[in-house]
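S.K.: The following comprises the amino acid sequence and a computationally predicted model.
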Amino acid sequence: MPGEEATVRFEVTPQGGFLTIPTDSIARVPEGCKVVEGLLDGFPFRAPLREDRNGHQIVLSRAQCEAALAGTGGVSVELTRFGEEREVRVPSDLSAALNKEPSALAAWGKVTPMARREWVRWVASSKQDKTRVHRIETACDMLASGKRRPCCFPAINWVTKGKVTAEETWIPLS
């Protein structure tokens, strides 16, 4: 994650489901950036970034837009991350096992950051040490055979079930 010096802060008024990044702030956003993360009036958010004739705009979901419009006047925005999915920290035992299995390690490098998070969450959700060891072995075998995600693991849906709606967490890039 970028340090404090990379944080971009500004105040803006939402217009039509978008937040237009002020000209003096856009220079600090990396070229080609498609996704931003940060705080919207103090609440964490992640949203796509688009560029058109009006400049660079953050595309808000319906829930984000309603929250932004709930206040009076402008919205305080802090952009702290730019780019795609953040990488997960790989537990040392899983990392060691992957390093011993070159084909599994090669497959690990080809799967998406979200898939890597699912593998780590699957291993970390073990309640017993012997289950964890077995899952690490199984993960290496499955990755080496071309499997991109763990079997029978509900991933993010299990974590967020009944807590948030799709509109609150994700907007497809267009």
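M.R.: Perfect, thanks for sending it. Treat the numbers as computed from the prediction; the structure is a model and nothing was measured.
S.K.: Quick one: residues contacting the nearest residue to residue 46 once chain neighbours are set aside.
M.R.: For residue 46, ignoring the flanking residues on the chain, the nearest one in space by Cβ to Cβ, 6 or more residues apart in numbering is residue 37 at 4.6 Å. Bear in mind the C-beta positions are built from the backbone N, C-alpha and C, glycine included. If you count contacts by Cβ atoms under 8 Å, 6 or more residues apart in numbering, residue 37 has them with 44-46, 79-82.
S.K.: any idea how far residue 37 lies from residue 20?
M.R.: Residue 37 sits 18 Å away from residue 20, going by Cβ to Cβ, to the nearest Å.
S.K.: what's the following helix or strand after the one helix or strand residue 67 maps to?
M.R.: Using DSSP states H and E, residue 67 sits in helix 62-70. The helix or strand immediately downstream of helix 62-70 is strand 75-82, counting by DSSP H and E.
S.K.: pLDDT of the longest helix along the chain, averaged?
M.R.: For the chain, the longest helix by residue count, based on DSSP state H, is helix 129-144. Mean per-residue pLDDT for helix 129-144: 94.
S.K.: which parts of it are buried?
M.R.: For helix 129-144, a neighbour-count test (16 or more other Cβ atoms under 10 Å) marks 132, 135-136, 139-140, 142-144 as buried.
S.K.: With distance to residue 90 added, can I get those residues in JSON lines?
M.R.: JSON lines is the format used below for the buried residues of helix 129-144 (distance: Cβ to Cβ, whole Å):
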{"residue": "132", "distance to residue 90": "14"}
{"residue": "135", "distance to residue 90": "14"}
{"residue": "136", "distance to residue 90": "11"}
{"residue": "139", "distance to residue 90": "11"}
{"residue": "140", "distance to residue 90": "12"}
{"residue": "142", "distance to residue 90": "16"}
{"residue": "143", "distance to residue 90": "12"}
{"residue": "144", "distance to residue 90": "16"}
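S.K.: Just name the closest of those residues to residue 57, please.
M.R.: Set against residue 57, the nearest of the buried residues of helix 129-144 by Cβ to Cβ is residue 143 (38.7 Å).
S.K.: Kindly provide the distance from the closest one to residue 121.
M.R.: From residue 143 to residue 121 the distance is 15 Å (Cβ to Cβ).
S.K.: Please go through this structure and pick out the longest strand.
M.R.: Looking across the chain with DSSP state E, the single longest strand is strand 43-52.
S.K.: now what about it, what contacts it?
M.R.: 29, 33-39, 56-61, 64, 67, 169, 171, 173-174.
S.K.: partner strands of it, parallel or antiparallel?
M.R.: strand 35-40 (antiparallel), strand 55-59 (antiparallel) (DSSP bridges).
S.K.: Brilliant, that's me finished.
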